[in-house]
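Following is a predicted model, sequence given first.
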Amino acid sequence: QAWLNEGFATYFEAVWREADLGWDEYSYDVFVLVQQYLDEDRDRYRRPIVCNTYRDPIELFDAHLYQKAGAVLHMLRGQLGWGRMRRSLRRYVADNAQRNVETIDLVRAIEATTGRNLRAFFEQWIECGGHPEIRVGFAWDAVSKTATLSVEQQQTVDADSPAYRFDLDVGFVGALPAAPARDAGDGPLPNERRVRLHVERKYESFAIPLDAEPKLVRVDPGAYVLGAMTYAFDADLNAAILAAEPSIVARIRAAKALGKDGARLAREALGHALAHDPFWGVAAEV
């Protein structure tokens with residue numbers, strides 16, 4: 001199954017960039033992989049990564065096999081953590097040296113190393129085509145001191161195309177950082193309340209009690225969820241994300257949302273990011 005060659009080769013180019021240039025370069029590399037896959041899925045065709053329908057084998061060597069498969073490995077990192085993933089891959093290589101492999105061989109190595117059965121994960125992301133199209137909203141109730149996060153999967157969801165199942169990390173920060181931290185990784189900020197939400201239906205709503213209204217809402221800080229995500233936040237929250245969120249992918253998502261807003265606040269936030277964002281990739285997307 002060729003993704004075990006090409007998806008790994010593509011993903012480990014990003015891992016090399018992380019080792020050489022830092023987390024932000026790694027994150028942007030994975031972000032570009034996802035965009036390239038989404039372009040092919042939207043403009044050309046959709047297929048499972050593992051697919052035996054073709055006229056010639058070279059037809060499979062596309063953005064699904066390379067870019068989407070690489071992004072799946074990034075998502076696997078979010079599932080396992082980098083340490084457990086590295087140990088699992090060492091076991092996978094040791095058990096399968098000098099022989100052909102299929103996805104099940106990787107699944108077994110992960111299970112033997114971590115005790116986790118990820119067959120459903122690979123079935124959803126490797127053996128089925130498509131991805132979730134996620135719209136995230138946020139509301140604050142000052143009376144009950146409750147944050148409500150809404151998650152809608154906007155792609156077609158029916159008996160033949162069930163809703164995607166995935167974990168979504170969300171963080172709430174009480175004080176806005178002065179500027180985005182460089183190469184901060186996927187961990188929480190000081191005084192951040194981090195929760196992990198499990199999404200499995202087309203419409204989900206999560207109520208999280210907090211001590212005070214958050215100044216920064218961090219959705220999927222590691223950008224692990226493979227798909228198209230948009231923010232249905234107000235301009236103030238999007239501007240705060242663009243000005244202070246360490247995740248470059250979150251800043252890009254906020255910029256895209258602000259780009260659809262004609263208000264003065266949105267224009268000023270985008271202008272400031274273009275001139276002052278600490279990472280070149282965010283300025284390029286702005």
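Cool, the structure landed.

going forward, measure contacts between C-alpha atoms and count neighbours the same way
OK.

Tell me if I'm right that residue 110 and residue 88 touch.
Yes. With contact defined as CA atoms under 8 Å, residue 110 reaches residue 88; the gap is 4.9 Å.

roughly how far apart are residue 135 and residue 46?
Distance, residue 135 to residue 46, using CA to CA, to the nearest Å: 21 Å.

Quick check: buried residues in the longest helix along the chain?
Longest helix in the chain, counting residues (DSSP state H): helix 23-43. Under the neighbour-count criterion of 16 or more other CA atoms under 10 Å, helix 23-43 has 23-31, 33-38, 41 buried.

For it, enumerate the helices and strands it packs against.
helix 3-21, helix 69-80, helix 248-259 (3 or more CA pairs under 8 Å, 6 or more residues apart in numbering; DSSP states H and E).

now that helix and helix 3-21, what's the angle there?
For helix 23-43 against helix 3-21, the angle by axes from the mean of the first three to the mean of the last three CA atoms, to 10 degrees is 140 degrees.

In contact with residue 216, which residues are there?
Each residue near residue 216 by CA atoms under 8 Å, 6 or more residues apart in numbering is listed here: 172-176, 237, 240-241, 244-245.

Closest one of the residues you listed to residue 152?
The shortest gap between residue 152 and any of the contacts of residue 216 belongs to residue 237, at 18.8 Å (CA to CA).

Determine the three-state secondary structure at that closest one.
Three-state call for residue 237 (DSSP: H, G, I helix; E, B strand; the rest coil): helix.

for residue 167, same thing?
State at residue 167, reduced to three classes by three-state DSSP: strand.

what's near enough to touch it?
Per CA under 8 Å, 6+ apart, neighbours of residue 167: 196-199, 225.

Pull out the buried members of those residues.
199, 225.

Inside strands: which ones of the contacts of residue 167?
Judged by DSSP state E, strands contain the following of those: 196-199.

Now name the helix or strand holding residue 94.
Using DSSP states H and E, residue 94 falls within helix 82-96.

So, low pLDDT: which residues of this protein?
Within the chain, no stretch has pLDDT under 70.

And residue 198, how far from residue 177?
28 Å.

Same question for residue 194, what's its three-state structure.
Secondary structure, three-state DSSP: residue 194 is strand.

helix/strand/coil for residue 59?
From three-state DSSP, the assignment for residue 59 is helix.

Run through the strands of the stretch 151-286 of the chain in chain order.
166-173, 192-199, 203-209, 216-219, 228-232 (DSSP state E, counting those that start in this stretch).

which of these is buried the deepest?
Most buried of those by mean neighbour count (mean count of other CA atoms under 10 Å) is strand 216-219; its value is a mean of 23.

Using CSV, write out every CA atom in that strand.
Output of strand 216-219 as CSV, limited to C-alpha atoms (Å, rounded to 0.1, in the frame of the first residue of the first chain):
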residue,chain,number,x,y,z
LEU,A,216,-8.5,34.0,23.6
VAL,A,217,-10.2,30.8,22.4
ARG,A,218,-7.8,28.2,21.0
VAL,A,219,-9.5,25.7,18.7
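
Dump the helices and strands packed on helix 23-43 into a markdown table; add mean neighbour count and distance to residue 218 as well.
Below are these laid out as a markdown table (neighbours: other CA atoms under 10 Å; distance: least, CA to CA, whole Å):
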| stretch | mean neighbour count | distance to residue 218 |
| --- | --- | --- |
| helix 3-21 | 17 | 22 |
| helix 69-80 | 22 | 15 |
| helix 248-259 | 23 | 8 |
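
possible to save those as CSV with distance to residue 269?
Output for these, formatted as CSV (distance: least, CA to CA, whole Å):
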stretch, distance to residue 269
helix 3-21, 27
helix 69-80, 29
helix 248-259, 8
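
nearest to residue 191, of these?
Nearest of the helices and strands packed on helix 23-43 (CA to CA): helix 248-259, 19.0 Å.
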